[in-house]
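S.K.: fold the following and give me the result.
(2 chains)
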Amino acid sequence: MNTTWSRFNIASLVFGFAFLYLPIVLLVVFSFNESRLVTVWAGFSTKWYVSLFRNQSFIDAAWVTIRVGLVSATVATILGTLGALAMTRYTRFRGRLLFSAMIYAPLVMPEVITGLSMLLLFVAIGFDRGLWTMILAHITFSMCFVAVVVQSRLVTFDRSLEEAAMDLGATPVTTFFRVTLPVILPAVVSGWMLAFTLSLDDLVISSFTSGPGATTLPMRIYSQVRLGVTPEINAACTILIAIVAVGVIIASIANKRREVQKARDEQAAARN
Amino acid sequence: MKSLGSFRRTFAPWNDPAAKPFIAIENVTKKFGDFAAVNDLSLNIYNREFFALLGASGCGKSTLLRMLAGFEEPTAGRILIDGQDMRGIPPYKRPVNMMFQSYALFPHMTVEGNIAFGLKQEGMAKGDIEARVAEMLKLVKLEQFAKRKPHQLSGGQRQRVALARCVAKRPKVLLLDEPLGALDKKLREETQFELMDLQMKLGLTFVVVTHDQEEAMTMADRIAVMDKGKVMQVATPAEVYEAPNSKFVADFIGNVNMFEGTAAAVANGKIDIAVAPENLTIRTDAASRSCTVGQPVGFAIRPEKIRVSRKQPADPSINSAHGELYDIAYFGDMTVFHVKLESGRIIKAASLNAVRTVEDPLGYDDTVWVNFDTDAGIVLTA
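M.R.: Numbers count the residues shown, from 1 in each chain, chains lettered A, B, ... in the order given. Coordinates of the predicted model:
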């Protein structure tokens, strides 16, 4: 393998990473800025973090965001998994193509349209807008992401596992919970995490469907920014980045370890 | 009395008119759309029998097995197991267990967990489950692998776990879908005998689906040769080999030399067949099938029943034809000679290499006589 680095390679790597991460690095650095001015460095300080945690409106918004994320990701995962099961199991029902197109459509639907149509629906049926309308909207757009993730796993799922379970006396319900679900669980968990992340950073759909008293963190940050960027916001964003980064790193390390362990086990099994 | 094959069979309930079949398949048809995977098929399988469904892929053998297991419902006809009509009974309520071609081991459970799965569904007491699992692990010699996951096992070990898992429930019938298909040749031969021993020890009825005729011949008490959703012949391995009932079966099982001709003379069990291209008359006796003079018939003879000699046999009752040695395939235990008759037809003749040294070995292009006795082949009318 060629391991020498050409200048071009190095340059493109540096530019690529700079393009991706320079804004984020700036944000993180300035969240520790002593000065109130966002663009002038005046020494290291964590005071903005302290003031952030004293800011009740931020805390409230974070709490709303987490509640919306947890509930909508969970419900979306259940519905999305069921949808994926239907799509892979019943390959010959009437209108399957339409159904499958309709599952994928929200992935490419502009958020503004999804949000607006939700708003119109809630107004039409007289549903008071607030936390629950926002949760419903988040379920709607994130369940198709879950369906896509779970479906890609189900396509490679060996149906004879389920048949074996039933052959051994398990009813279809037992089969699902004891065999199917444990086997596809990694995909279901990734689906849940994807749905949770999508819900966490959604701004457009939330803005359309929320009501008084239900403000999420992205909405809070956005409205604050309109009055000018403060280091407090930088601090809030840094915390969000840290949470996401830690999650991603843990997930990939666990995944890598599992793969290495599996490869090692298989080699050992082949030897004896 | 002469018998087909080289050994005597003591277990033959299918010859006993009083014996009740354990599995009765009655006029079963299974259609997928317009395609009939299984077409008006009837079969009786007896208790403690090792029964093989043999056929090329797409002949409907797997579909039939899946209907026994309950994964498919017959479009028409019915299946009785132990006298009970299986229509509408889901797989989890049938007294059968199936071993899958892919083994279908639960990847998230240990070997123990896999074997215990079926027992837990029965609601068996915990202590009893542990005892049964231990017994099964011992049976398949996997005691020290109890805590492993399927991916930590070799192919042969996985196969044994799959077997232990479906035997654990003590089903009345065990269905095996290509049970040895994923194993390499050496392991497959060992496992064949292990399976036979297991079946004897447990006294179960085995129904095996396979496309490997050697496997079917080795293991099974009886074989059903299938083609296009129909059973062509059901018989013991020796009968299927030595007395095939049709050109299809004769051709499908083993090697065969097939002649097409017409019945020239028919008299008390003896049939003379005129074969046109060679202007040859094959004299046969011990013909189990009757035919009339002038009827087109086939004549099938296995290569090992044909001798190759330098001189024409003196006895005129022996069938013989003249040709030249065209190809020689040496397999170690036996040698197959390809003899080209004057008509251009190639005759395959196999001879066992029972001695190490030969005085005057045959060579390429030698002029030889192929010859065989009157009872060496079989007359086929279908």
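S.K.: give the closest residue to the closest residue to chain A within the stretch 251-382 of chain B in space, chain neighbours not counted.
M.R.: Nearest residue of the stretch 251-382 of chain B to chain A: B:F252, at 27.7 Å (Cβ to the nearest Cβ). C-beta here means a position set from N, CA and C on the backbone, and glycine is covered the same way. Here the nearest residue to B:F252 in space, its sequence neighbours aside, is B:V225; by Cβ to Cβ, 6 or more residues apart in numbering or on different chains that works out to 6.1 Å.
S.K.: what does A:I221 give?
M.R.: A:I233 is the one closest to A:I221 (Cβ to Cβ, 6+ apart), at 5.5 Å.
S.K.: can you confirm that neighbour is in a strand?
M.R.: No - counting by DSSP: H, G, I helix; E, B strand; the rest coil, A:I233 is not found in a strand; it is helix.
S.K.: circling back to that earlier point, the residue nearest to B:F252 is in what secondary structure piece?
M.R.: strand B:222-227 (DSSP states H and E).
S.K.: swap in B:L41?
M.R.: Using DSSP H and E, B:L41 falls in strand B:35-45.
S.K.: now do that strand against strand B:222-227, angle only.
M.R.: With axes from the mean of the first three to the mean of the last three Cα atoms, to 10 degrees defining the directions, strand B:35-45 sits at 160 degrees from strand B:222-227.
S.K.: sheet-wise, list the partners of strand B:35-45 with their directions.
M.R.: Note on strand B:35-45: by DSSP bridges, its sheet partners are strand B:23-32 (antiparallel).
S.K.: how close does the residue of the stretch 251-382 of chain B closest to chain A get to B:Q213?
M.R.: Distance of B:F252 to B:Q213, given as Cβ to Cβ, to the nearest Å: 8 Å.
S.K.: ok, now B:E359?
M.R.: 36 Å.
S.K.: just want to know which of these two has more residues nearby.
M.R.: Between B:E359 and B:Q213, counting by other Cβ atoms under 10 Å in any protein chain shown, B:Q213 is the more crowded of the two (19 against 5).
S.K.: touching, the more buried one and B:L54? I think so.
M.R.: Yes - look at B:Q213 against B:L54 with Cβ atoms under 8 Å: they come within range, at 6.0 Å.
S.K.: residues near the residue of the stretch 251-382 of chain B closest to chain A, how many?
M.R.: Neighbours of B:F252 under the rule other Cβ under 10 Å: 21.
S.K.: tell me the contacts of it?
M.R.: Counting by Cβ atoms under 8 Å, 6 or more residues apart in numbering or on different chains, B:F252 touches B:A56, B:Q213, B:V225, B:D227, B:M232.
S.K.: residues touching the third one, list them.
M.R.: With Cβ under 8 Å, 6+ apart as the criterion, the residues that contact B:V225 are B:L54, B:G55, B:V231, B:M232, B:Q233, B:V234, B:V240, B:F248, B:V249, B:F252, B:I253.
S.K.: equivalent analysis for the last one, please.
M.R.: Remark: with contacts taken as Cβ under 8 Å, 6+ apart, B:M232 is in contact with B:V225, B:M226, B:N245, B:S246, B:F248, B:V249, B:F252.
S.K.: and the fifth one, how many neighbours does it have?
M.R.: Taking other Cβ under 10 Å as the criterion, the count of residues near B:F248 is 16.
S.K.: pretty sure it sits in a helix.
M.R.: Yes - counting by three-state DSSP, B:F248 falls inside a helix.
S.K.: and the gap between B:M232 and chain A?
M.R.: From B:M232 across to chain A, the span is 28 Å (Cβ to the nearest Cβ, to the nearest Å).
S.K.: now that residue: closest residue in space, sequence neighbours ignored.
M.R.: Excluding the flanking residues, the one nearest B:M232 by Cβ to Cβ, 6+ apart is B:V225, at 4.6 Å.
S.K.: can you check B:P95 too?
M.R.: Distances taken as Cβ to Cβ, 6+ apart place B:K172 nearest to B:P95, at 4.5 Å, with adjacent residues excluded.
S.K.: would you map the helices across the stretch 101-250 of chain A?
M.R.: Ranges of helices within the stretch 101-250 of chain A are A:111-124, A:131-155, A:159-167, A:172-175, A:181-201, A:204-209, A:217-225, A:231-271, based on DSSP state H, counting those that start in this stretch.
S.K.: want to throw the ones you listed into TSV with distance to A:S6 and mean pLDDT?
M.R.: Shown next, in TSV, are those (distance: least, Cβ to Cβ, whole Å; pLDDT from 0 to 100):
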stretch	distance to A:S6	mean pLDDT
helix A:111-124	41	92
helix A:131-155	37	91
helix A:159-167	49	94
helix A:172-175	56	94
helix A:181-201	36	91
helix A:204-209	43	92
helix A:217-225	42	88
helix A:231-271	28	84
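S.K.: so for B:L176, which of those helices sits nearest?
M.R.: helix A:159-167 (12.1 Å; Cβ to Cβ).
S.K.: around chain B, which positions in the stretch 101-250 of chain A sit nearby?
M.R.: Residues of the stretch 101-250 of chain A lying close to chain B by Cβ under 8 Å from any Cβ of the partner chain are A:158, A:160-161, A:163-171, A:174, A:178-179, A:182-183.
S.K.: among those, the buried ones, what's the ChimeraX command?
M.R.: Typed into ChimeraX, the line below selects the buried ones among those, using 16 or more other Cβ atoms under 10 Å in any protein chain shown:
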select /A:160,161,163,164,165,166,167,168,169,170,174,178,179,183
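S.K.: please give the element, helix or strand, for B:L325.
M.R.: strand B:319-330.
S.K.: parallel or antiparallel, list what pairs with the next helix or strand after that strand.
M.R.: Using DSSP H and E, the helix or strand that follows strand B:319-330 in sequence is strand B:334-341. Here strand B:334-341 is paired, per DSSP bridges, with strand B:319-330 (antiparallel), strand B:346-352 (antiparallel).
S.K.: now render these as TSV, adding mean pLDDT and mean neighbour count.
M.R.: TSV is the format used below for the strands paired with strand B:334-341 (pLDDT from 0 to 100; neighbours: other Cβ atoms under 10 Å in any protein chain shown):
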stretch	mean pLDDT	mean neighbour count
strand B:319-330	92	16
strand B:346-352	93	17
